[in-house]
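1. Below: sequence and its predicted model.
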Amino acid sequence: MTSSKIRRGLFGGMVAVALAAGATVMTTANHSQAQEGEGLRIGTYQQDLVFSGYHALGELMQEFQELQMEAQQAQQEGNQEQMMQLQQRLQEAQQNIIGTYESALDEALPEVAEETGVDVIALEVVYTAEGIEPQDVTENLLEKLNDGEEAPEPMVPDMGVGQ
């Protein structure tokens, strides 16, 4: 399996779970721009870049990848008992990764909205009325999540989802 397939597999599964969890829209209490006639300011971000660029997940991803390799070895050896135990541990590791990501995102979104002056942050804007220009806050969000440090190369192991 190629590295890009590995990255897409885990990320696809994690994003699907994160999206299902509803971590998609955040609004701020500060609506001064909209109230002053400037219009609603909407921020958007690219979840795949934010997820893969969040450096705090690196160690968790490494642990997940190691568990996955153990599970593959157990499967090749036909050790069903160990395979079932490792599947449970993989599921717990996945939940830990997603929970860590969502918690950090929940904390960072209001701060990014305040700093960038947007009233709403959403993953995707399908339509906007005339005069409303969405602003990409992906880089701002990554900087906030990573405490101003440059994000490492994304390491996203395969979870066997979305292939």
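-> Cool, got the structure. Quick caveat: nothing in here was measured; it's all calculated off a predicted structure.

2. So which residues of this protein form helices?
-> 3-20, 32-35, 47-53, 58-77, 80-116, 138-145 (DSSP state H).

3. wait, which of those helices is closest to Ala129?
-> helix 32-35 (12.4 Å; C-beta to C-beta). (Each C-beta comes from the backbone N, C-alpha and C, glycine too.)

4. and the closest one, what's its mean pLDDT?
-> For helix 32-35, the mean per-residue pLDDT is 44.

5. one step back: compare the helices of the chain and give me the one nearest Glu124.
-> helix 47-53 (9.1 Å).

6. and that closest one, what does it pack onto?
-> helix 3-20, helix 138-145 (3 or more C-beta pairs under 8 Å, 6 or more residues apart in numbering; DSSP states H and E).

7. Could you tell me the least trusted of the ones you listed?
-> Ranked by mean pLDDT, the helices and strands packed on helix 47-53 bottom out at helix 3-20, with a mean of 40.

8. ends of stretch 116-132, how far apart?
-> By C-alpha to C-alpha, to the nearest Å, the extent of stretch 116-132 from end to end equals 15 Å.

9. Buried residues, it. List them.
-> Neighbour counts using 16 or more other C-beta atoms under 10 Å place 116, 118-122 of stretch 116-132 among the buried residues.

10. Reformat those into JSON lines and put distance to Thr128 and pLDDT next to each item.
-> Shown next, in JSON lines, are the buried residues of stretch 116-132 (distance: C-beta to C-beta, whole Å; pLDDT from 0 to 100):
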{"residue": "Thr116", "distance to Thr128": "17", "pLDDT": "96"}
{"residue": "Val118", "distance to Thr128": "13", "pLDDT": "95"}
{"residue": "Asp119", "distance to Thr128": "13", "pLDDT": "94"}
{"residue": "Val120", "distance to Thr128": "11", "pLDDT": "94"}
{"residue": "Ile121", "distance to Thr128": "14", "pLDDT": "95"}
{"residue": "Ala122", "distance to Thr128": "11", "pLDDT": "93"}
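
11. So Glu70 is in contact with Leu86, correct?
-> Yes: under the criterion of C-beta atoms under 8 Å, Glu70 makes contact with Leu86 at 5.5 Å.

12. higher neighbour count, the two?
-> Leu86 (21 against 16; other C-beta atoms under 10 Å).

13. Since that was my last question, I'll sign off now.
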